[in-house]
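> Structure for this input, please:
(2 chains)
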There are 2 protein chains.
Amino acid sequence: MHLNVFTECSPSPQFVGMWRAPGDATGTGYRSLDYWAAIARRLEAACVDALFFADIHGTYDVYQGSWATAVRHAVQIPSIDPVPVVAAAAMATTDLGFAVTYSTTYHQPYECARLFSTLDHLTRGRIGWNIVTSYLRSATDNGLGEYLDHDLRYDRADEYMEVVRALWERSWDDGAVVRDVDGDVFTDPSRVRAIDHQGEWFTVRGPHQCEPSPQRTPVLYQAGASGRGMAFAARHAEVIFLTMADPQSGAETVGRLRRRVADAGRDPRSVRALQGTMVMVGADRADAKRKAAQYHELWSPEGQLAKWCGWMDIDLAAYPDDTPVDEVKNQGSQSFLGFLRGLSPERSWTIGDVRYLVSRPRRARRDAPMTLFGTAEEIADRMEQWLEVADVDGFNLIPCSPSDGLGDICDLLIPELQRRGMFRTAYRKGETLRQRYFGPDA
Amino acid sequence: MHLNVFTECSPSPQFVGMWRAPGDATGTGYRSLDYWAAIARRLEAACVDALFFADIHGTYDVYQGSWATAVRHAVQIPSIDPVPVVAAAAMATTDLGFAVTYSTTYHQPYECARLFSTLDHLTRGRIGWNIVTSYLRSATDNGLGEYLDHDLRYDRADEYMEVVRALWERSWDDGAVVRDVDGDVFTDPSRVRAIDHQGEWFTVRGPHQCEPSPQRTPVLYQAGASGRGMAFAARHAEVIFLTMADPQSGAETVGRLRRRVADAGRDPRSVRALQGTMVMVGADRADAKRKAAQYHELWSPEGQLAKWCGWMDIDLAAYPDDTPVDEVKNQGSQSFLGFLRGLSPERSWTIGDVRYLVSRPRRARRDAPMTLFGTAEEIADRMEQWLEVADVDGFNLIPCSPSDGLGDICDLLIPELQRRGMFRTAYRKGETLRQRYFGPDA
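Now for the predicted structure:
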């Protein structure tokens, strides 16, 4: 089983309002090297596969046509660039992997290839790239590329992948760097070549600016929920981060994904599917309930709404609270139809026994299938069920709250998984992140 | 007096061929976090102001119309991205500053502003930005922006500075971040504003994605040798890195610079002028001579030529060795006229008693005025002369060789400067890099 832990370099990763949790260090710590070093060390002590950094460019400004709500509730603003953070966290650790979100829309492939080769060298092969095509119109308003339609963004991203893979995999031979002191040759130029890419979107001659790094290509992560996104993932991704409602419907999604991977000419087992899920672990049932109650008190529904409206590119403030979800869906951007489909009353987002709907939170009858909530034993049971029924290979865990919840994953949940023999108790020393996912020959 | 030490994340910073120096660790260490952490700690122990990272994008391919020579001699290829390295080096230190080269041609200003705010937060105010407009056609061949004429690049860079300064200085008020737990306000939106920049080159709405960092604006470094470059520097730069032939002609250059700064409406003392110079320190005269002889043996004239040809955008291989420099100059790119002027026989590059000319190395009669060469005492004398005669505020020291030479600066030269009372023996704790240059009120 593979475990990633999700974060962002922002005061309140994922759970809007949780910067207010008593003792939570993220609200000030997110911009401190010591904070990130401490988190990395803690995850490494728990043998977690990788720390996953989400990121955005721009600001959520769809809700009420303004970024005021996002700013007030620290909805990914302020947020700093995760790339330098990764290097510092790598210095604090020797085995923990890192996956960093980096957009094909805002950076040229030549730069992308150089950056990930740099990170792969510096981490000695512990880096993954979460490939995103980016969706905020607000980024375009800030001069970051033109706003492309969702499917077109993926067409462009396909070509982008061709370019970066050519730079990583074909530009420098193994052994091109000879360091021949007597012959005065650092690199044998006959073993380095241009890539001469000329496509619809990109012209890149090469050669790559970096010598081959331990993994050459970073482990390729992707979270593609839409049809076109899944086609992209089937073609390129090695680790796929899915957000599925329950193990039964998850089994369908994962099955479809593996078929798509096979259709793309790849071994369906060459892709690791991770269920992305929030986790709230209690020392016992009462503690879990106390944490859920705290979350209910602290979360910022309006901030959450600002985030969702940004995701969907729909201003929900324009709709009365009792508007049927289907009516809103028809206005949604193509990219979030998958997400919108998840917003029917049966599938909405629930923690403890509180269900959160798209426009306002309201009471509901039962636990959420999407959430890993309860004691370590209860959560471990649920995770076993996911692994068996849905055929996932692991989880991308979103701790709630960001600081204490991360501690609970390390101190309560992982020891339980280890007791059951479900999770490693030590790293294989010297392995790359790809070898961690796919074995020593990868 | 201010001392920076110059480096690049490449096997053989600045001195082509020096990766071959016995015991030099840069050829393999340049891609290792431990290597950079050790260098940073060593410079911090010596109370150096800042570690300065040069960088390029693309490959030197003008000489003989090929990048083969650059690849063979490791002329800034391979080279990794310095940005992640800075974060790791910051984690290994508490006081050392960092200046990192970042191009206005290859990155959008919104991204640039976010990255430097990130680095300023993570280093707690120890970051400087070496502003470059970039010059390699090869980068354009790799999809990095269009190739602009030198002066046009600076016009664009002027507008770029407007945008990033607005994001850093005017988008978030001091105290905008209130972290009001009870009122559920992380940031007061009324104290954050768009910048609404619409110019000839850029459209950027804002707001800035980061809360104000200790320095807000990184210390602005620039190396502008050309007329247009100096006009840009006079308008924007706080630390200017010059490469002048000797203290006498340096006095003219620095005087002209300060007058330009005054003409731009700024206090001429609000700019620190640093002489960029190679340093080769011997424990005694014989040791210095031994090092010069080693350098003479190890340097790669053809690699150096490949670099110069890239700088000048002229293929010198097309000219016979005895072509008068003036004849070549007329073919040179506008950007390097200043550099080319330095290539008359009287001003060429000399170490010990060997002078290196543009097309081939040859013997010469006397020491180079541009080089700090000899014992620590001799070099300190020379530095005193620079400070007095040329009115510079310090130096950007380029160690030769990259590893041992850096050690010699820390172990031999700086102690001598400290004995003379010319250089600090401790940092003022908690100061930002700007305060180090301009005092506690900066």
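> in the stretch 151-300 of chain A, which ranges drop under the pLDDT threshold?
A:224-225 (pLDDT under 70).
> Show me which positions of stretch A:54-65 end up buried.
Using 16 or more other C-beta atoms under 10 Å in any protein chain shown as the test for burial, stretch A:54-65 gives A:54-64. Every residue, glycine included, has its C-beta placed from N, CA and C.
> swap in stretch A:423-434?
Applying 16+ other C-beta under 10 Å to stretch A:423-434 flags A:423-424, A:427, A:431-434 as buried.
> do stretch A:171-183 as well
So for stretch A:171-183, counting by 16+ other C-beta under 10 Å, buried means A:171-172, A:176-177.
> ok, and does it reach over to chain B?
Yes: legend: contact between stretch A:171-183 and chain B by C-beta under 8 Å from any C-beta of the partner chain is shown at A:177, A:179, A:181.
> what would those look like in TSV with secondary structure?
Listed next are the residues of stretch A:171-183 next to chain B as TSV, based on DSSP: H, G, I helix; E, B strand; the rest coil:
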residue	secondary structure
A:V177	strand
A:R179	strand
A:V181	coil
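> and which of the buried residues of stretch A:423-434 is nearest chain B?
Using C-beta to the nearest C-beta, A:T432 comes nearest to chain B of the buried residues of stretch A:423-434, at 15.0 Å.
> Not including adjacent chain positions, what is the nearest residue to that closest one?
Among residues not flanking A:T432 along the chain, A:G125 sits closest, at 3.5 Å (C-beta to C-beta, 6 or more residues apart in numbering or on different chains).
> Number of residues surrounding the one you found?
21 (other C-beta atoms under 10 Å in any protein chain shown).
> ok but it is inside a strand, no?
No: using three-state DSSP, the assignment for A:G125 is coil, not a strand.
> from memory it sits against A:R216, does it?
No: contact criterion C-beta atoms under 8 Å: A:G125 and A:R216 do not qualify, at 9.3 Å.
> Parallel or antiparallel, list what pairs with the longest strand anywhere in chain A.
Criterion DSSP state E: the longest strand present in chain A is strand A:272-282. The strands that strand A:272-282 pairs with in its sheet are strand A:239-242 (parallel), strand A:372-375 (parallel), strand A:394-399 (parallel) (by DSSP bridges).
> Go through the ones you listed and find the least confident stretch.
Per-stretch mean pLDDT for these is lowest at strand A:372-375 (a mean of 90).
> So A:Y102, which state does it fall into?
strand.
> which residue sits closest to it, ignoring its sequence neighbours?
A:Y102 sits nearest to A:W129 (C-beta to C-beta, 6+ apart), 5.8 Å away.
> which residues touch the one you found?
The neighbours of A:W129, taking C-beta atoms under 8 Å, 6 or more residues apart in numbering or on different chains as the test, are A:99-100, A:102, A:116, A:218-221.
> in the sheet, who's paired with the residue lying closest to A:I379 once chain neighbours are set aside?
Among residues not flanking A:I379 along the chain, A:L372 sits closest, at 4.6 Å (C-beta to C-beta, 6+ apart). Judged by DSSP bridges, the bridge partners of A:L372 are A:V279.
> how close does A:L372 get to B:V164?
Distance, A:L372 to B:V164, by C-beta to C-beta, to the nearest Å: 42 Å.
> Settle it for me: which of these two has more neighbours?
B:V164 (28 against 23).
> Which single residue of the stretch 301-442 of chain A ends up nearest chain B?
For the stretch 301-442 of chain A, C-beta to the nearest C-beta, closest residue to chain B: A:G303, 8.5 Å.
> For the helix or strand that residue falls within, output the C-alpha coordinates as PDB.
Counting by DSSP states H and E, the element that carries A:G303 is helix A:301-312. C-alpha atoms of helix A:301-312 as PDB (Å, rounded to 0.1, in the frame of the first residue of the first chain):
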ATOM      1  CA  PRO A 301     -18.700  27.800   4.500                       C
ATOM      2  CA  GLU A 302     -18.300  31.000   2.500                       C
ATOM      3  CA  GLY A 303     -14.600  30.400   2.000                       C
ATOM      4  CA  GLN A 304     -15.400  26.900   0.800                       C
ATOM      5  CA  LEU A 305     -18.000  28.300  -1.500                       C
ATOM      6  CA  ALA A 306     -15.400  30.700  -3.000                       C
ATOM      7  CA  LYS A 307     -13.100  27.800  -3.700                       C
ATOM      8  CA  TRP A 308     -15.800  25.600  -5.300                       C
ATOM      9  CA  CYS A 309     -17.000  28.500  -7.400                       C
ATOM     10  CA  GLY A 310     -13.400  29.000  -8.600                       C
ATOM     11  CA  TRP A 311     -13.200  25.300  -9.400                       C
ATOM     12  CA  MET A 312     -16.400  25.300 -11.300                       C
END
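> what does stretch A:177-184 contact?
In contact with stretch A:177-184 (C-beta under 8 Å, 6+ apart) are residues A:185-188, A:211-212, B:17, B:19-20, B:27-28, B:72-73, B:78, B:300.
> which helices and strands does whatever helix or strand A:T28 lives in pack with?
Of the helices and strands defined by DSSP H and E, A:T28 is found in helix A:26-29. Contacting helix A:26-29 under the criterion 3 or more C-beta pairs under 8 Å, 6 or more residues apart in numbering or on different chains; DSSP states H and E are the following elements: helix A:33-45.
> Tell me which other helices or strands the helix or strand just after the helix it packs on touches.
Going down the chain from helix A:33-45, the next helix or strand is strand A:50-54, by DSSP H and E. Under the contact definition 3+ C-beta pairs under 8 Å, 6+ apart, strand A:50-54 sits against strand A:2-8, helix A:33-45, helix A:82-91, strand A:97-103, strand A:127-132.
> now these as TSV including mean pLDDT?
What follows is the helices and strands packed on strand A:50-54, written out as TSV (pLDDT from 0 to 100):
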stretch	mean pLDDT
strand A:2-8	97
helix A:33-45	97
helix A:82-91	96
strand A:97-103	96
strand A:127-132	96
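> Which one, of those, ends up nearest to A:K289?
Closest to A:K289 of the helices and strands packed on strand A:50-54, according to C-beta to C-beta: strand A:2-8, at 23.4 Å.
> From chain B, how far off is A:D267?
Taking C-beta to the nearest C-beta, to the nearest Å as the measure, A:D267 and chain B are separated by 32 Å.
> same deal with A:W201?
Look at A:W201 and chain B: by C-beta to the nearest C-beta, they are 9 Å apart.
> repeat for A:E8
12 Å.
> residues contacting the nearest residue to that residue once chain neighbours are set aside?
Of all residues not flanking A:E8 in the chain, A:A54 sits nearest, at 4.5 Å (C-beta to C-beta, 6+ apart). Contact analysis of A:A54 by C-beta under 8 Å, 6+ apart lists A:6-8, A:13-14, A:101, A:130.
> For those, which single residue is the most surrounded?
When neighbours are counted by other C-beta under 10 Å, A:P13 leads these with 27 neighbours.
> Give me the three-state assignment for it.
Assignment for A:P13 (three-state DSSP): coil.
> how far away is it from chain B?
13 Å.
> Show me which residues of the helix or strand containing A:E252 are buried.
Here A:E252 sits within helix A:247-263, counting by DSSP H and E. Residues A:247, A:250-251, A:253-254, A:257-258, A:260-261 are the ones in helix A:247-263 that count as buried (16+ other C-beta under 10 Å).
> So what's the gap between the biggest helix by length in chain A and the chain middle?
For chain A, the helix with the greatest residue count under DSSP state H is helix A:150-169. Taking C-alpha atoms, centre = their mean, to the nearest Å, one finds the center of helix A:150-169 at 19 Å from the center of the full chain.
> List the contacts of it.
With C-beta under 8 Å, 6+ apart, helix A:150-169 has contacts from A:104-105, A:109-110, A:112-113, A:116-117, A:131, A:133-135, A:148, A:195, A:197, A:199-202, A:204, A:206-208, A:212, A:216-217, A:226, A:228-229, A:231-232, A:235-236, A:333-335.
> cutoff 6 Å now
The contact list for helix A:150-169 (C-beta atoms under 6 Å, 6 or more residues apart in numbering or on different chains) reads A:104, A:109, A:112-113, A:133, A:195, A:197, A:199, A:201-202, A:204, A:208, A:216-217, A:228, A:232, A:236, A:334-335.
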